[in-house]
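Participant: Take a look and give me a structure for this.
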Amino acid sequence: MECVGESYRYRHRLRASKGHEETSSIKDENEQDPRSFTSSCVVEYMCKEIRGNAPNTKRRSYTMANNNNKTHLQKITPFLWFDDNAEEAVNFYTSIFKNSQIGSVTRYGEAGPRPEGMVMIVTFQLEGLEFTALNGGPEHKFTPAISLLVNCDTQQEVDELWEKLSAGGEEIACGWLTDKYRLSWQIVPTVLGELMQDKDPEKVQRVTKAMLQMTKIDIKTLQEAYEQN
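Facilitator: Numbers count the residues shown, from 1 in each chain. As a prediction, this is how the structure comes out:
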């Protein structure tokens, strides 16, 4: 991220500087790019929140079942960058998935860079997986290059998730959709993976051909293609 790199270079030069004049010129140079200042401060605030040092933060720990009540922080966490509607998006996602909950909420303080009291970070769980949502500004957008894949056991589950997540978004193809926040999802029945791993290449080709013609995945159609003589 260019703005983060620029912030790092600024701090490095500032520490190395011995004269007030050089320090002032570096600061003035940085202040000419308010977008860089905002983005770098957002990242610094985020790091402080993770360490538990940010103001207006309610920290929580995660307890693993059958682990003698020892706290466990998920090793890798999907981190979602929104403009200013992270809390709204989190409420939307947790209303869709049954095994979900909202964790901590951190707000911007007097130091900024966004308005004081505005939600900065929201932590939440979907189906036991930890996520973090950030109100980082308008600089970065979601793309289909990153998507969340949901494994579904039944057609009913596929239909329900597809209808709810695509509302206000866009239905694409082959089980892909974008929700109203432009985050990409893949709603995939588990049977698709099973059929695609069959040792008979002709069956796999028939299933693949059927899948490529779909928008929302239909299990019955996949099975008919698989069983075709």
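
Participant: Which of the three states applies to Thr106?
Facilitator: strand (DSSP: H, G, I helix; E, B strand; the rest coil).

Participant: hang on, Glu157 is in a helix, isn't it?
Facilitator: Yes - judged by three-state DSSP, Glu157 forms part of a helix.

Participant: how close does it get to Thr221?
Facilitator: Applying CB to CB, to the nearest Å, the value for Glu157 to Thr221 is 17 Å. All C-beta atoms are positioned from the backbone trio N, CA, C, and that covers glycine.

Participant: quick one: average confidence on stretch 172-183?
Facilitator: Stretch 172-183 shows a mean pLDDT of 98.

Participant: what's next to it, contact-wise?
Facilitator: Under the criterion CB atoms under 8 Å, 6 or more residues apart in numbering, residues 80, 82, 85, 89, 92, 141-142, 144, 147-148, 162, 165-171, 184-188, 192, 211-212, 214-217 lie in contact with stretch 172-183.

Participant: again, 7 Å this time
Facilitator: 80, 82, 85, 89, 141-142, 147, 162, 165-171, 184-188, 211-212, 214-217 (CB atoms under 7 Å, 6 or more residues apart in numbering).

Participant: quick check: domain ranges of the protein?
Facilitator: Segmentation of the chain into domains, based on automatic domain parsing, reads 2-51, 54-140, 147-227.

Participant: worst average pLDDT in these?
Facilitator: Least confidently modelled of the domains of the chain is domain 2-51, at a mean of 45 by mean pLDDT.
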